[in-house]
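>>> my questions are about this predicted structure, shown below with the sequence.
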Amino acid sequence: MRKVVITGIGIHTPMGSTLEEIKDRYLRAEPSVRLYPSPGEGKLRVASYFDGDVSDGFASNLVKMVDRSVLMGLRASDAAMADAGLRAGEFDATRMGTFVGCGSGATTSNNAIHEAFFLRDRMGPMAILQELPNAPAGHISMRHGLKGECALHSVACSSAGAAMGHAFRSIRHGYLDMAVAGGSEAPLGESTFRAWEAMRILARIDPENPGTTCRPFSKSRSGIVLGEGAVLYILEAEEHAKARGARIYATIEGYGTSADASHITLPSQEGQVSCMRNALADAGMQPSDIAYINAHGTATEQGDTIETRSVREVFGEHAYRTPMSSTKSFHGHLLGGSASIEMLATVIALTEGVLAPTLNLDTPDPECDLDYVANEARTGVVARAVMNNNFAFGGSNATMILTR
Amino acid sequence: MTELRQQLFDILQSYAPPDVKRSQIEDAKILKDLPMDSIALLGAFDEIEEQFGIKFGGAATPDMTLDDFETMCAKLIAAKNA
């Protein structure tokens, strides 16, 4: 089996567009969650979202046929390819794949298409192309001429984790030499907010301090905050990367996945434990090898409690000595894009020795009794191995383990 | 060139690949000769309908000449405004 390394990172998020900007956000404890402009009076909403037009700079014929999630993914893919020093024609495109996670699909386009249909009896000829579930992966492969396997993973909040896991395994076992992998999610829109609100799962908002809305592991947590963005990585066989002199950020040592097979929304401790143990076994590691965990940490009452129990079961006493933070307190929940934006925290822990904090954690829930790196980043940390967890509606779980 | 033809070319151009020059749009005699695929052409038809508040009702086809297409658009717009 081949070693798989990360040689490029493309970031297109409201938190920033470089690893340095993300790290600085962690150090300044500055979230990108803020008030979200909503139609109608008295409707208070928060989210992590882009200002301006995400289509700026793209050709008009492309913009007319794709969803917002595709444009964000393309932007991140451009950055990832450039960061890895990959230029079309200079590598074997048949040995490079594309694996993208997107949980909620073409939300922006779906809203516009259905509004036009129901209110104006109109259906544009681009509707199918705009709603195409695998469009983010397809357009990224077309843009960069990548001719290896091309797939979109949609397993709710683990989508990007599943995509990166698929890429990792494909390279490790020799089917590919390189892959673009990660997630892109653009879930914001009136119907999406209404749907999550109807489910009573969105967090209560303090209009004076919207950045404090997402409160993972806190006694006062009240639900999730939505966010958008795309983060894609270039995964590469280690020998391939070394042969071309590529910079290596980190090594992916193991990937684990499992299914809860129990409830469509309620997480299962058994499923999460199985997922983390599968990743540890895949990496050939013990729990005591892990120096930092990026939690799924949605800030839901059940989710955070069950995740804490799961980590305690896997890590035993070492759980209390292993820092674990939820960066959703910074950027909200990117749903299918979560695993990729959150893996940034694990890369920064390894390469910069900075542990991202969990914001808004003044009074922890007594049921959540681990070290959540409350409110302030830690610096000067020497982490050999780190873990990234994502647990989804539908019971699909994904864990990735990285080393320097 | 009429103002309407300019407007139609603007819409058609916006559906063409970015490397297509304006002259390639203007030089086409028949709609299917335009440098864009059939889905893009359908997208342009749809946007023209939306922008001018008209309905082609299936009458716009790739085999039409650009002159006939412009004439048809002009008639539909005039009928709408009458």
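In hand now; what should we look at?
>>> A:V66 belongs to a helix?
No. Assessed with DSSP: H, G, I helix; E, B strand; the rest coil, A:V66 is coil; it does not lie in a helix.
>>> check contacts around it.
Residues near A:V66 by Cβ atoms under 8 Å, 6 or more residues apart in numbering or on different chains: A:109, A:129-130, A:135, A:139. The C-beta positions use only the backbone N, C-alpha and C, and glycine is treated the same way.
>>> can you tell me the SS state at the residue nearest the centre of chain A?
Centroid-nearest residue in chain A: A:S338, 2.3 Å away (criterion: Cα atoms, centre = their mean). Three-state assignment for A:S338 (three-state DSSP): helix.
>>> also A:L370?
coil.
>>> what about the residue nearest to the centre of chain A, distance to chain B?
33 Å (Cβ to the nearest Cβ, to the nearest Å).
>>> is it true that that residue touches A:S326?
No. Using Cβ atoms under 8 Å, A:S338 is not in contact with A:S326; the gap is 10.3 Å.
>>> anything in contact with each of those two?
Contacts common to A:S338 and A:S326, judged by Cβ under 8 Å, 6+ apart, are A:H296.
>>> dump the residue contacts of the residue nearest to the centre of chain A.
A:157-161, A:183, A:185, A:296, A:328, A:390.
>>> return the closest of the residues you listed with respect to chain B.
Among those, A:E185 lies closest to chain B (Cβ to the nearest Cβ), at 25.4 Å.
>>> the closest one: neighbour count?
For A:E185, the count of nearby residues is 33 (other Cβ atoms under 10 Å in any protein chain shown).
>>> which residues does it contact?
A:69, A:72, A:102-104, A:159, A:227-230, A:334-338.
>>> now swap in A:R204 and tell me
A:213, A:222-223.
>>> how about 10 Å then?
A:44, A:213, A:215, A:220-223 (Cβ atoms under 10 Å, 6 or more residues apart in numbering or on different chains).
>>> can you tell me which residues in chain B are near chain A?
B:13-20, B:36-47, B:49-50 (Cβ under 10 Å from any Cβ of the partner chain).
>>> can we see that at 7 Å?
B:14-18, B:39-40, B:42-43, B:46 (Cβ under 7 Å from any Cβ of the partner chain).
>>> separate out the buried members of the residues you listed.
Applying 16 or more other Cβ atoms under 10 Å in any protein chain shown to the residues of chain B next to chain A, the neighbour count classes B:14-16, B:40, B:42-43, B:46 as buried.
>>> as CSV, the residues you listed with pLDDT and secondary structure would be great.
Formatted as CSV, the entries for these read as follows, by pLDDT from 0 to 100; DSSP: H, G, I helix; E, B strand; the rest coil:
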residue, pLDDT, secondary structure
B:S14, 97, helix
B:Y15, 97, coil
B:A16, 97, coil
B:A40, 96, helix
B:L42, 96, helix
B:G43, 96, helix
B:D46, 95, helix
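>>> identify the farthest-apart pair in those.
Pairwise distances across these peak at 15.2 Å for B:A16 and B:D46 (criterion: Cβ to Cβ).
>>> what's the helix or strand for the closest residue to A:R87 other than its chain neighbours?
Counting by Cβ to Cβ, 6 or more residues apart in numbering or on different chains, A:R87 lies nearest to A:M81, which is 7.7 Å off, once chain neighbours are set aside. Using DSSP states H and E, A:M81 sits within helix A:68-83.
>>> did I read that right, A:G316 in a helix?
Yes. A:G316 forms part of a helix when assessed by three-state DSSP.
>>> could you check the pLDDT of it?
Predicted confidence (pLDDT) for A:G316: 98.
>>> distance of the nearest residue to it once chain neighbours are set aside relative to chain B?
Nearest non-adjacent residue to A:G316, counting by Cβ to Cβ, 6+ apart: A:P287, 6.8 Å away. A:P287 sits 52 Å away from chain B, going by Cβ to the nearest Cβ.
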